[in-house]
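Novice: build the 3D model from these lines:
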Amino acid sequence: MGRGRAGVAVALWWLAGSAGAVWLELAPTATKCVSEEIQSRVVVIGDYSVLSKEHLVRPKIGAKVTSPYGKVLHHADNVTQGQFAFTTGESGIYLACFWVEAVERGTVIKLSVDWRVGIAAKDWDAIAKKEKLEGVALELVKLESAVQAIHTNLFYLRLKSGHDRCE
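Specialist: Below is the predicted model of the structure:
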């Protein structure tokens, strides 16, 4: 019984949208990318920042986020941190790439990237204050939003599955 509930909880989390922060190590000559398959009409928010405890001067990086068809959604050069936000226009794999602008050879830069998609991108604290929701009421609003996201994802998967069968 416990395993079944845990499996359902994991499935709900996966279907409801994802959120996650990753740390990347960037070498001076390398570009590293993070990608995610996202359906259309989904909110995406991202924050990135150079972690620079061991550097006297914060190294500068470049960043570029592109849609599945190559449209540039965000581009920044010579920055130490940044943010991007957009609503997806088409389903597919969205790509965020980062590179070091100019740094001494052999230096490795650590970069924190926080990429939030769907209901994970919502600012629940602001919603709670705006709607004057507390405790259980806020959790119900979150669950309602999760159920809507799950329904949308299942509908998308059903369409995708039917499309794959026809080919």
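Novice: which residue is nearest the middle of the protein?
Specialist: Central residue of the chain (Cα atoms, centre = their mean): Trp115, 2.7 Å from the mean position.
Novice: that residue looks like it's in a strand, true?
Specialist: Yes. Using DSSP: H, G, I helix; E, B strand; the rest coil, the assignment for Trp115 is a strand.
Novice: and the gap between it and Asp77?
Specialist: As judged by Cβ to Cβ, to the nearest Å, Trp115 and Asp77 stand 20 Å apart. To be clear about C-beta, it is placed using only N, CA and C from the backbone, and glycine gets the same treatment.
Novice: quick revisit: and the residue nearest to the centre of the chain, how close does it get to Asp47?
Specialist: Trp115 is 8 Å from Asp47, by Cβ to Cβ.
Novice: report pLDDT for the residue nearest to the centre of the chain.
Specialist: Note on Trp115: pLDDT of 86.
Novice: which ones are touching it?
Specialist: Taking Cβ atoms under 8 Å, 6 or more residues apart in numbering, we find Trp115 in contact with Ala19, Gly20, Ala21, Val22, Val34, Glu36, Val44, Ile45, Gly46, Ala96.
Novice: that one and Ile38, how far apart?
Specialist: For Trp115 relative to Ile38 (Cβ to Cβ), the value is 10 Å.
Novice: then Thr87?
Specialist: The spacing between Thr87 and Ile38, counted by Cβ to Cβ, is 10 Å.
Novice: okay, and the helix or strand of the chain with the least pLDDT?
Specialist: helix 2-16 (a mean of 37; mean pLDDT, DSSP states H and E).
Novice: could you point out which element follows that helix?
Specialist: The C-terminal neighbour of helix 2-16 among helices and strands, as given by DSSP states H and E, is strand 19-26.
Novice: what residues sit buried inside the longest helix along the chain?
Specialist: Taking DSSP state H as the criterion, the chain has its longest helix at helix 135-166. Buried residues in helix 135-166, counted by 16 or more other Cβ atoms under 10 Å: Val141, Lys142, Ser145, Ala146, Ala149, Ile150, Thr152, Asn153.
Novice: among those, which two are most distant?
Specialist: With Cβ to Cβ as the measure, no two of the buried residues of helix 135-166 lie farther apart than Val141 and Asn153, at 18.8 Å.
Novice: where does this structure dip in pLDDT?
Specialist: Applying pLDDT under 70 to the chain flags residues 1-20, 54-55, 103-104, 118-138, 163-167.
Novice: the same query, at a cut-off of 50, please.
Specialist: Within the chain, the segments meeting pLDDT under 50 span 1-19, 121.
Novice: Thr87 and Ile38: who's more crowded?
Specialist: Neighbour count, other Cβ atoms under 10 Å: between Thr87 and Ile38, Ile38 has more, with 21 against 11.
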